[in-house]
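prediction below, plus the sequence it came from.
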Amino acid sequence: MYLIHIVLLMLLFLGGIQESVFGAKSFDLMEMTLEELMEVEVTSASKKAQNFSRVPAAVYVITADEIRRSGATTLPELLRMVPGVEVARITSSSWAVSIRGFNGRFADKLLVLIDGRSVYTPAFSGVYWEDQDLLLEDIERIEVIRGPGGTLWGANAVNGIINIITKKAKDTAGMFSTVTYGTIERPVIGTRVGGKIGENLYFRIYTKYFSRRSFETQDGEDAQDDWQMWRGGFRVDSEPSVKNFFTLQGDIYTGEVGETMEMEGADFSKNDDHFGGNILFRWQHKFSEKSDFIFQFYYDHTHHKENYERINVQQGLQNLLYDPTLLTQLYQGNLDIHQVVSSLPKNQDSLVGNIDTYDFDFQHHFHLGRSQEIVYGFGARIIKDSFDSLDENYMVDPDERTVSILSAFLQDEIFLFPDKFSLILGCKIEHNDYTGMEYQPSVRAIFTPNEDHTLWAAISRAVRLPSRYERDVEVTKGFTVDRQNPTNIYLYKIMGGGKNFESEDLLAFELGYRGKFGDRLFVDTTLFCHLYDNLVVYQNEGVFNTETINNFYFYYISMTPVNGMEGKSYGLETALKVKPTNWWNIRLSYTLLCLDMDLKEGYYDVDSRSWVEGSSPKHQAMIWSSWDFSHHLYFDAQLFYVGKLSYELQRDYFEIPDYFNLNLRLAWRIGKNLELALVGQNLLEENHLEYISEIQQTKPTKIPRSVYLKMEVKF
C-alpha cells in the first residue's frame, strides 16, 4: 500500500514540475480537446451517427490514440480502462470480460461486434476472446455501451455492447510494420499495406503473427497455456459518388491454444486448434442529409478442435470395478477411489466443433418532418453447427442443428423541444427457434440545456437466448462416493434444458449525466438499477439412471439448467477527463457494483447464486496520466484497482484478494516514420491471480509481471 502512495506522489510531482522544465507550450499532437471529445461520432447507441454529447446511453469511446498509448497488446486488455467493464485474465489466452456483473470465461450477457459483425458464439452464449484479434493500429475507435441494447441489436445485448470499428481503407494508406518482443510477447509481428487502386477505390491488406509464452499455475507448475496465432485480412472501400459507399472486408486466422486442466485430482493437458474466417459486405446509400440506408451481409466460420489428454471418468470407474484386487481393497476401505481414478491412464481424444453464421441486415434512417427522426430495420441470421462428441464425458445431441433468428425494429426520436429535449421510443421484435417470439422495448429521454451539459434517462428490456450448451449438451462433471456406504457412487451429469427452458430477461433503469466545465474538465456519470428474471441455475433433478457392477451401485444424477433465479444489480459508473495543461491529460474512472440474487420458490442451487454475486468486484478504479514531454517523447502511467472476488463452486470456496496493477509506457518518436516504446505491465507484483474459471477445470493460473519493447515503422 505504501508503494502505491509513493507512485501516485511521484506521478503528481512529475506533472507539477513539467511546466517549469518544458514551459507552457502545447505538445498536444494527437489528444482531442474537450470540445472535440463532445463531438466524437458514435453509431452503436442508436444505429445512426450522433455526437457523443447527444447519446442517451452510458457510452465510452476508446479512441485510436488511447489504444496506442495504453500499451495493451490484446483487445480485452484495452477494455480495462472503461468504467463498468470487468476484465480479468484467467490464463495466457483466456479472459473473463463482462459489463455490470455476471463475469466469467463464458460471460453471456455481453454482445461484442467487430465492424457490426457479431462475434458472440451461440455454442455457449459468449465470446472466444482468444480468437478476436486485429492489428490494433487499424482500429479507429471502440464504442462501449453499458446497459441493455436489445431494442436495436437484439437478443444477448443484455448488460452491454462492445463495437470495435476499424479505419477506412483510405486512412491506412502506405506501409506499416510493427514488432513487439518481451517477457510474454515472443514476438508479435504485424504488417499492413494500403493504397489507392482506382478512382475513389482504396484497399488495405494486413497480416499478423504472435507467440505468447505460458504462465504458471497457482502451485508453481507450467500451465502449458502458450498461445500462437496467425491471421490476415483485407478491406476494400469504394465511394463512386457522394451518395454511395461500399465496403468489402474479410479475415482469416489459425492457431493453437494450450491449457492445463484438472478433474478428480488429476491434471491433464488440453491443446486446441483454432481456425476461422469471415467476409462482410456493406452498402451505405445517402438519399439526402436527412435520409440514408445501410445494407449489410456477412458470413462467419469458426472451427475448434479441442485435443484432450484426459481420463474418461465414467468408463474408468466401470473398468475399475471389474478388477478383483481393487474391489477387495475398496470393500475393506483401504483404497481411496478418487486417487485410483486420478492414476488411471489418460486417453487422447478430441472434440470438433464447426459453426457457420449467415447474417443479413437492413436499416433505414430518415427524418419525418422537423419533429421526428426514425430508424427502422429488419434482419435474418441463420446459424448452422456440428459437433463430434468426445465420449460419455461430453456429448452433444443432436450433433447438428440449424437455428434461425428473424427480427425487425423501429425507433422514433421525437424532438419535443428542438435541440433541448427529445423522447426516444423503440422496440425490437425477434423470433428464434428456441423460445419463439421475444419483445425488447425501450423508452429514453435526453435533455441538453446547452452544448456543454446533457442529462438522460432510460427504461429498457433485454433478453438472452438459451445457448446450444444449455439445450443439447450432456457433460460429466465428476463423482462422489457415499461416506457411509462406499459402494454407492454418484455420477453428476449436466443435461440440456427441456422445452420449457426460457430466455433470461432484464428490466433496466438508468440515469446519466455528462458535461464539460471549461476547457479542462469533462465528467460522465451513470446510475443504474437492473432487475433480472429467469436467470439460469443448475438444478439437481435427482437420479435418472442406475447401474450395478459387482455390488457397486452407480447413481446418475441429472443437473439441469432451469430458469430458477432472479435478482437485481445497482451501481454507479463515473469517468472524468482532466487537462491540467495542454500537454498533460488525466483520465479517472470509478465503478460501484452491487449484486443481490435470490432463488425462486422451489429451486435450490447455492453455487449459481454465490458465483453471480461474488464473481464481479464491488469496487473498481483507474487513474491514467499522460504527458507529451515534447513532439517526440511521451509517457503514460496507468494505475488500476480491482476489488476482491469471493464465490462458491461445487462446494469449494474461492477468494481472490483485491489488487493493484501499474502499467508504464515510454515512447520515443524518431522522425515521422519510426516510434519505439518500452512498456511494463503488472509492475507491482511478480504475479497474481485475477480469476478462477467457473467451469472449475482450468487450473488457477497466475498473471505475471511483463516488460516488452515495441517498434513501429511507417512509410
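Cool, the structure landed.

for Phe544, which non-adjacent residue is closest in space?
Once flanking residues are discounted, Phe544 sits nearest to Ser558: 4.5 Å by Cβ to Cβ, 6 or more residues apart in numbering. Any C-beta I mention is one placed from the backbone N, CA and C, and that applies to glycine too.

sec struct for the one you found, please.
strand (DSSP: H, G, I helix; E, B strand; the rest coil).

ok, it to Thr546 distance?
Between Ser558 and Thr546 the distance is 12 Å, computed by Cβ to Cβ, to the nearest Å.

Ser615 too?
Separation of Ser615 from Thr546 (Cβ to Cβ): 35 Å.

okay, these two: which has more neighbours?
Ser615 (26 against 9; other Cβ atoms under 10 Å).

which residues does that one contact?
Ala96, Gly101, Phe102, Asn103, Gly104, Leu645, Tyr647, Tyr691, Glu694 (Cβ atoms under 8 Å, 6 or more residues apart in numbering).

how about the residues you listed in CSV, adding distance to Tyr376?
CSV is the format used below for the contacts of Ser615 (distance: Cβ to Cβ, whole Å):
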residue, distance to Tyr376
Ala96, 36
Gly101, 32
Phe102, 31
Asn103, 34
Gly104, 35
Leu645, 42
Tyr647, 43
Tyr691, 41
Glu694, 39
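
just the residues you listed: which are in strands?
Of these, the ones assigned to strands by DSSP state E are Ala96, Leu645, Tyr647.

for Phe218, which non-adjacent residue is closest in space?
Residue 218: Gln, not Phe. What sits nearest to Gln218 in space, not counting adjacent residues and going by Cβ to Cβ, 6+ apart, is Pro700, at 4.2 Å.

which pLDDT value goes with the one you found?
Note on Pro700: pLDDT of 87.

that one contacts Thr217, correct?
Yes: if you go by Cβ atoms under 8 Å, Pro700 and Thr217 touch, sitting 6.5 Å apart.

each with direction, which strands does the strand or helix carrying Arg282 pair with?
Assigned by DSSP states H and E, Arg282 falls within strand 266-288. Here strand 266-288 has these sheet partners by DSSP bridges: strand 244-263 (antiparallel), strand 291-310 (antiparallel).

wait, which of the ones you listed is closest to Arg669?
strand 244-263 (29.4 Å; Cβ to Cβ).

bridged to Ala457, which residues?
Ala445, Leu511.

next one: Gln539
Beta-bridge pairing of Gln539 under DSSP bridges involves Thr560.

do the same with Val112
Ile162.

end-to-end on stretch 693-702?
Terminal residues of stretch 693-702 are spaced 12 Å apart (Cα to Cα, to the nearest Å).

residue contacts, the nearest residue to Ile252 once chain neighbours are set aside?
Distances taken as Cβ to Cβ, 6+ apart place Gly277 nearest to Ile252, at 3.9 Å, with adjacent residues excluded. Applying Cβ under 8 Å, 6+ apart to Gly277 gives the contacts Gly250, Asp251, Ile252, Tyr253, Asp300, His301.

out of these, which one sits closest to Tyr60?
Asp251 (25.2 Å).

in this structure that closest one contacts Arg231, no?
Yes: using Cβ under 8 Å, Asp251 and Arg231 qualify as a contacting pair, with a distance of 6.2 Å.

so how far is the strand holding Arg282 from its chain's centroid?
14 Å (Cα atoms, centre = their mean, to the nearest Å).

returning to that earlier point: and for the residue nearest to Gln218, the neighbour number?
19.

can you pull the contacts of it?
Thr217, Gln218, Leu689, Ile692.

farthest pair in these?
Of all pairs drawn from those, the greatest distance, 11.2 Å, lies between Thr217 and Ile692 (Cβ to Cβ).

more neighbours: these two, which one.
Neighbours per residue (other Cβ under 10 Å) separate Thr217 from Ile692, with Ile692 holding more: 25 against 20.

pretty sure that one contacts Ile656?
Yes: contact criterion Cβ under 8 Å: Ile692 and Ile656 qualify, at 7.0 Å.

list the buried residues for stretch 272-285?
Asp272, His274, Gly276, Gly277, Asn278, Ile279, Leu280, Arg282, Trp283 (16 or more other Cβ atoms under 10 Å).

buried members of the contacts of Gly277 into PyMOL, please.
Remark: buried members of the contacts of Gly277, expressed as a PyMOL selection using 16+ other Cβ under 10 Å:
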select buried, resi 250+251+252+253+300
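
which among the contacts of Gly277 gets closest to Asn682?
Asn682 lies nearest to Tyr253 out of the contacts of Gly277, by Cβ to Cβ, at 26.6 Å.

what sits against Val42?
Ala49, Gln50, Asn51, Phe52, Val55, Val59, Val61, Glu143.

would you confirm that the first one contacts Glu39?
No: with contact defined as Cβ under 8 Å, Ala49 does not count as touching Glu39 (11.2 Å).

returning to that earlier point: quick check: mean pLDDT of the strand holding Arg282?
Per-residue pLDDT over strand 266-288 has a mean of 90.

do stretch 235-251 as well
The average pLDDT within stretch 235-251 is 95.

in it, what's buried?
Arg235, Val236, Asp237, Ser238, Glu239, Phe245, Phe246, Thr247, Leu248, Gln249, Gly250, Asp251.

count of neighbours near Leu595?
Number of residues near Leu595 (other Cβ under 10 Å) recorded here: 21.

please apply the same query to the one 10 residues further on.
Neighbour count of Asp605, defined by other Cβ under 10 Å: 19.

if we can go back for a sec, now the residue nearest to Ile252: how far from Phe360?
Gly277 is 19 Å from Phe360, by Cβ to Cβ.

and the spatially most central residue of the chain, how far is that from Ile162?
Closest residue to the average C-alpha location of the chain: Val97 at 4.1 Å, with Cα atoms, centre = their mean. When distance is defined by Cβ to Cβ, Val97 is 8 Å away from Ile162.

and what of Tyr691?
Taking Cβ to Cβ, one finds Tyr691 at 18 Å from Ile162.

so between these two, which is more surrounded?
The residue with more neighbours, out of Tyr691 and Ile162, is Ile162; 28 against 25, by other Cβ under 10 Å.

surely that one meets Gly84?
No: look at Ile162 against Gly84 with Cβ under 8 Å: they stay out of range, at 11.3 Å.

format the contacts of Pro700 as TSV; extra columns: distance to Asp652, pLDDT and secondary structure.
Rendered in TSV, the data for those read as follows (distance: Cβ to Cβ, whole Å; pLDDT from 0 to 100; DSSP: H, G, I helix; E, B strand; the rest coil):
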residue	distance to Asp652	pLDDT	secondary structure
Thr217	16	90	strand
Gln218	13	86	coil
Leu689	15	94	coil
Ile692	9	86	coil
